[in-house]
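> Got a predicted model here, sequence first, then my questions.
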Amino acid sequence: MVWSNNCLKLLDQTLLPGQVEYIYCHSWERIAEAIKKLEVRGAPAIGAAAAFAMVFGAREAAAANSWNAFKTALLSVSKQLAQTRPTAVNLFWALKRMEEVVERFDENSSPGEVLTALEQEAIAIAEEDKAVNQKISKYGASLFTAPQAVLTHCNAGALATVALGTALGVIREAKAQGNITKVFVDETRPLLQGARLTAWELHQDGIPVTLITDNTAGWVMKNKMVQSVIVGADRIARNGDVANKIGTYSVAVLAREHGIPFYVAAPVSTFDFSIKTGNDIPIEERCANEVKSFGGCCIAPEGISVFNPAFDVTLNSLVTAIITEHGVLRAPYEQAIEKLYQISKKSK
Ligand SMILES: CSC[C@H]1O[C@H](OP(=O)(O)O)[C@H](O)[C@@H]1O
């Protein structure tokens, strides 16, 4: 994503890999639509996009005739952005950061001052994500100490973040260090973020990719074709339970069964310090048609019921390590995440 000349330029991820086309957003409503339609997706990317949406929202709200009316109008925009997708906590983390900027001002502040501060905060959120992913990549690569094949699920790459990616950032760094021989990519039904996005990203980088169907992951592990698994995350609870794309839990159970390490790469902004366990993570359910059709063709009988959760929750007991910008966390996760929480508070 690129912010320039009062426009947020987004790569339309619904058209990849066949078409590389951009969306030029000049309003908070267009960004909200892009998040809902997964034209922009991935927890950190959603957060950064929402931050820029708040910049547009503030400019619209600045037409209000009082400070309180401005704040009320902007809060309304924030609430509507919060309705776009429920699981990725980065969305709410970014909205909160933008709202906190407004609290630094009052009715005596000039509108220009407030708008400039909000734009600077959105830019900071985007720039921080790039730096955070570089740190995650370095810490994560330290776990790959010998050449190996790795499996990943969904897309936690540059497309899911502002740049570089979380899980794919680790894979890129480990590859640069000579420790990734091949990446097995789960296609990731129903929206195929793995086949369409991760395979595209890694292929562009010249990293050897082998695409598999989601139900091949177990057989790949059983046949010792991979030595590790790494995925991203959308929300991590204080006990280390991890919400991620549907199918992640199954991969984690298979990895445990086959004695393969299961790594999660995620920034502090993906931790929800307000919830104790994964039971409290809201799981987005999406429309039935995403499952009942494929490429515009009906693949199931009309009238049948569909259960289409976009995420699942991997229990902390199945997670070998969580890679963050402050280092690698290991069990017991309650203590490790409490330390992370203290570090994150100090770094504010
Ligand atoms: C680096 S966060 C990526 C995370 O987000 C994806 O979900 P979606 O494509 O629905 O936004 C998936 O869970 C990825 O692991």
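Perfect, I can see it now.

> Pull the distance from stretch 46-61 to the chain's centre.
What separates the centre of stretch 46-61 from the centre of its chain is 18 Å, taken as Cα atoms, centre = their mean, to the nearest Å.

> which parts of the stretch 151-300 of the chain sit against the ligand?
Within the stretch 151-300 of the chain, the positions near the ligand by Cβ under 6 Å from any ligand atom are C154, A156, A160, T161, T166, Q193, V231, G232, D234, N244, K245. In this view, the C-beta of every residue, glycine as well, is placed from N, C-alpha and C.

> Write a PyMOL command that selects only the buried members of the residues you listed.
A single PyMOL command is used to select the members of those judged buried by 16 or more other Cβ atoms under 10 Å:
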select buried, resi 154+156+160+161+166+193+231+232+234+244+245
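
> Turn the residues of the stretch 151-300 of the chain next to the ligand into TSV, columns for secondary structure.
Putting those into TSV (DSSP: H, G, I helix; E, B strand; the rest coil) gives the following:
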residue	secondary structure
C154	coil
A156	coil
A160	helix
T161	coil
T166	coil
Q193	helix
V231	strand
G232	coil
D234	coil
N244	strand
K245	strand
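
> can I get the residues of the stretch 151-300 of the chain next to the ligand in a markdown table with pLDDT?
Listed next are these as a markdown table, based on pLDDT from 0 to 100:
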| residue | pLDDT |
| --- | --- |
| C154 | 98 |
| A156 | 98 |
| A160 | 98 |
| T161 | 98 |
| T166 | 98 |
| Q193 | 98 |
| V231 | 99 |
| G232 | 98 |
| D234 | 98 |
| N244 | 98 |
| K245 | 98 |
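
> quick one, what contacts L164?
Residues in contact with L164 (Cβ atoms under 8 Å, 6 or more residues apart in numbering) are K130, N133, Q134, S137, G157, A158, R172.

> Keep only those of those that are in strands.
With DSSP state E as the criterion, strands contain none of those.

> out of those residues, which are buried?
Listed as buried from the contacts of L164 are K130, N133, S137, G157, A158, R172; burial here means 16+ other Cβ under 10 Å.

> Relative to P332, which of those residues is nearest.
Minimum separation from P332 among those (Cβ to Cβ) is found for S137, which lies at 25.5 Å.

> Tell me the spacing between the closest one and the ligand.
Counting by Cβ to the nearest ligand atom, to the nearest Å, the separation of S137 from the ligand is 12 Å.

> before we move on, what about S274?
Going from S274 to the ligand by Cβ to the nearest ligand atom gives 19 Å.

> what do you get for G18?
If you go by Cβ to the nearest ligand atom, the gap between G18 and the ligand works out to 18 Å.

> Also Y333?
If you measure Y333 against the ligand using Cβ to the nearest ligand atom, the figure is 18 Å.

> Ramachandran angles for the residue lying closest to that residue once chain neighbours are set aside?
The shortest distance from Y333 to any residue that is not its chain neighbour, by Cβ to Cβ, 6 or more residues apart in numbering, is 2.8 Å, and that residue is G240. As for G240, its main-chain torsions (degrees, to the nearest 10) stand at phi 90, psi 0.

> Go ahead and confirm G240 touches A336.
Yes: using Cβ atoms under 8 Å as the test, G240 is close enough to A336 to be in contact (7.5 Å).

> got any residues that touch both of these two?
Taking Cβ under 8 Å, 6+ apart as the contact definition, G240 and A336 share the neighbouring residues I322, L329.

> Please say which of the two ends up with more neighbours.
The neighbour comparison of G240 against A336 (other Cβ atoms under 10 Å) goes to G240, with 26 against 18.

> Could you check the pLDDT of the more buried one?
The predicted local distance difference test score for G240 is 98.

> Now do it against N65, distance only.
In this view, G240 and N65 are 49 Å apart by Cβ to Cβ, to the nearest Å.

> pLDDT on the helix or strand harbouring L10, on average?
Secondary structure from DSSP states H and E places L10 in strand 7-11. Model confidence over strand 7-11, given as mean pLDDT, is 98.

> Show me what that strand is packed up against.
Packed against strand 7-11 by the contact rule (3 or more Cβ pairs under 8 Å, 6 or more residues apart in numbering; DSSP states H and E) you find strand 2-4, strand 22-25, helix 28-36, helix 43-61.

> and it with the ligand, contact?
No: under the criterion of Cβ under 6 Å from any ligand atom, the ligand is not reached by strand 7-11; the shortest gap measures 13.4 Å.

> how far off helix 28-36 does that strand point, in degrees?
When axes from the mean of the first three to the mean of the last three Cα atoms, to 10 degrees is applied, the directions of strand 7-11 and helix 28-36 differ by 20 degrees.

> how big is the angle separating strand 7-11 from helix 43-61?
In terms of direction (the same axes, to 10 degrees), strand 7-11 departs from helix 43-61 by 150 degrees.

> Figure out which of the helices and strands packed on strand 7-11 is closest to I343.
Nearest to I343 among the helices and strands packed on strand 7-11 is helix 43-61; the distance by Cβ to Cβ comes to 18.5 Å.

> so does that closest one get close to the ligand?
Yes: contact of helix 43-61 with the ligand (Cβ under 6 Å from any ligand atom) involves A43, P44.

> mind exporting that helix as PDB, just the C-alpha atoms?
As requested, the backbone C-alpha atoms of helix 43-61 are provided in PDB (Å, rounded to 0.1, in the frame of the first residue of the first chain):
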ATOM      1  CA  ALA A  43      -4.200  -8.300  10.000                       C
ATOM      2  CA  PRO A  44      -1.400  -5.700   9.800                       C
ATOM      3  CA  ALA A  45      -2.500  -4.500   6.300                       C
ATOM      4  CA  ILE A  46      -6.100  -4.100   7.500                       C
ATOM      5  CA  GLY A  47      -4.800  -2.000  10.500                       C
ATOM      6  CA  ALA A  48      -2.700   0.300   8.400                       C
ATOM      7  CA  ALA A  49      -5.500   0.800   5.800                       C
ATOM      8  CA  ALA A  50      -8.000   1.600   8.500                       C
ATOM      9  CA  ALA A  51      -5.600   4.200   9.900                       C
ATOM     10  CA  PHE A  52      -5.500   6.000   6.600                       C
ATOM     11  CA  ALA A  53      -9.300   5.600   6.400                       C
ATOM     12  CA  MET A  54      -9.400   7.600   9.600                       C
ATOM     13  CA  VAL A  55      -7.400  10.400   8.000                       C
ATOM     14  CA  PHE A  56     -10.100  10.700   5.300                       C
ATOM     15  CA  GLY A  57     -12.800  10.400   8.000                       C
ATOM     16  CA  ALA A  58     -11.200  13.300  10.000                       C
ATOM     17  CA  ARG A  59     -11.100  15.500   7.000                       C
ATOM     18  CA  GLU A  60     -14.800  14.900   6.400                       C
ATOM     19  CA  ALA A  61     -15.600  15.400  10.100                       C
END
